[in-house]
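>>> Structure for this input, please:
(chains A and B)
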Amino acid sequence: KQEVTQIPAALSVPEGENLVLNCSFTDSAIYNLQWFRQDPGKGLTSLLLIQSSQREQTSGRLNASLDKSSGRSTLYIAASQPGDSATYLCAVRPSGNNRLAFGKGNQVVVIP
Amino acid sequence: NAGVMQNPRHLVRRRGQEARLRCSPMKGHSHVYWYRQLPEEGLKFMVYLQKENIIDESGMPKERFSAEFPKEGPSILRIQQVVRGDSAAYFCASSLTADKFDGYTFGSGTRLTVV
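Reported below is the predicted structural model:
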């Protein structure tokens, strides 16, 4: 059974600092990994999708890396802004099925 | 180009009533997935449907829960005789295909409160 862990569970950083969010998963047999953003009481917004054959994906200030063999992904957010305050969710799609396995999230607060 | 639409956004039911949650996938998407997020928990897979077919219901409780995705209209997640433990946020996602390269698009969720 695929287990996904996100560390740290919560963090606060001053505006302008770079954010580093970690995701680990127990089974390296995956199709892809997706990072989402969830605002309080809201839905999930897809940020980046990394295929199993890829090492990283970038979108603006966001960069996500994937090391499938060691079961790790890292989401970097450069020059954080108060608007980046949210919960970031990592989801893994295991090989052979369509059931995403989610971590519990990294809850981020960016202090102005 | 509307995304995944879920309604209602909030739903309050008394214990023993029925809850019906609706999900309209993105235009052109024929694959629908339901997930549940309990307080302080991660999202958990419930069921995967294609038009008129349940493909994978391995995450669905055996009793009181059912799902459908008819040929016409939205997907429906139905919870009969709700209990307090059913209080959660229910999210629907859709994808264009079942291809392993496809990502999922999620709706805003339905927050169910059982009183």
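
>>> tell me the contacts of A:His5?
His isn't right for residue A:5; it's Thr. A:23-25, A:103 (Cβ atoms under 8 Å, 6 or more residues apart in numbering or on different chains). Just so you know, the C-beta spots here come from the backbone N, C-alpha and C atoms, and that holds for glycine as well.

>>> Quick check: which element contains it?
Assigning secondary structure by DSSP states H and E places A:Thr5 in strand A:4-7.

>>> So what's the residue count around the residue lying closest to A:Ser69 once chain neighbours are set aside?
Closest residue to A:Ser69 apart from its sequence neighbours, by Cβ to Cβ, 6 or more residues apart in numbering or on different chains: A:Ser28 at 5.9 Å. Neighbours of A:Ser28 under the rule other Cβ atoms under 10 Å in any protein chain shown: 16.

>>> which residues touch A:Ser28?
A:68-71.

>>> Now, the residues you listed that are in helices?
Nothing among the contacts of A:Ser28 maps onto helices, per DSSP state H.

>>> Run through the bridge partners of A:Thr58.
Beta-bridge partners recorded for A:Thr58 (DSSP bridges): A:Asn63.

>>> and if you look at A:Pro94?
In this entry, A:Pro94 is beta-bridged to A:Ile30, by DSSP bridges.

>>> is it true that it touches A:Ala101?
Yes - using Cβ atoms under 8 Å, A:Pro94 is in contact with A:Ala101, at 6.5 Å.

>>> quick revisit: and which of the contacts of A:Ser28 is nearest to B:Ala98?
A:Lys68 (21.1 Å; Cβ to Cβ).

>>> That closest one: neighbour count?
A:Lys68 has 20 neighbouring residues, counting by other Cβ under 10 Å.

>>> Mind listing what's buried along the strand holding A:Thr5?
For strand A:4-7, a neighbour-count test (16 or more other Cβ atoms under 10 Å in any protein chain shown) marks A:4, A:6 as buried.

>>> The following helix or strand past that strand - what's its average pLDDT?
Remark: after strand A:4-7, the chain's next helix or strand is strand A:10-14, criterion DSSP H and E. Mean pLDDT, strand A:10-14: 95.

>>> Packing partners of whichever helix or strand comes after strand A:10-14?
Going down the chain from strand A:10-14, the next helix or strand is strand A:19-25, by DSSP H and E. For strand A:19-25, the packing partners by 3 or more Cβ pairs under 8 Å, 6 or more residues apart in numbering or on different chains; DSSP states H and E come out as strand A:4-7, strand A:30-38, strand A:72-77, strand A:86-94, strand A:106-111.

>>> wait, what's in contact with B:Ala89?
Contacts of B:Ala89 (Cβ under 8 Å, 6+ apart): B:36-37, B:109-112.

>>> Now with 10 Å, please.
Contacts for B:Ala89 (Cβ atoms under 10 Å, 6 or more residues apart in numbering or on different chains) come out as A:38, A:41-43, B:10, B:35-39, B:43, B:108-112.

>>> Show the buried residues in those residues.
Using 16+ other Cβ under 10 Å, the buried ones in the contacts of B:Ala89 are A:38, A:43, B:35-37, B:43, B:108-112.

>>> nearest to B:Asp56, of these?
Ranked by distance to B:Asp56 (Cβ to Cβ), those are led by B:Tyr35 at 12.5 Å.
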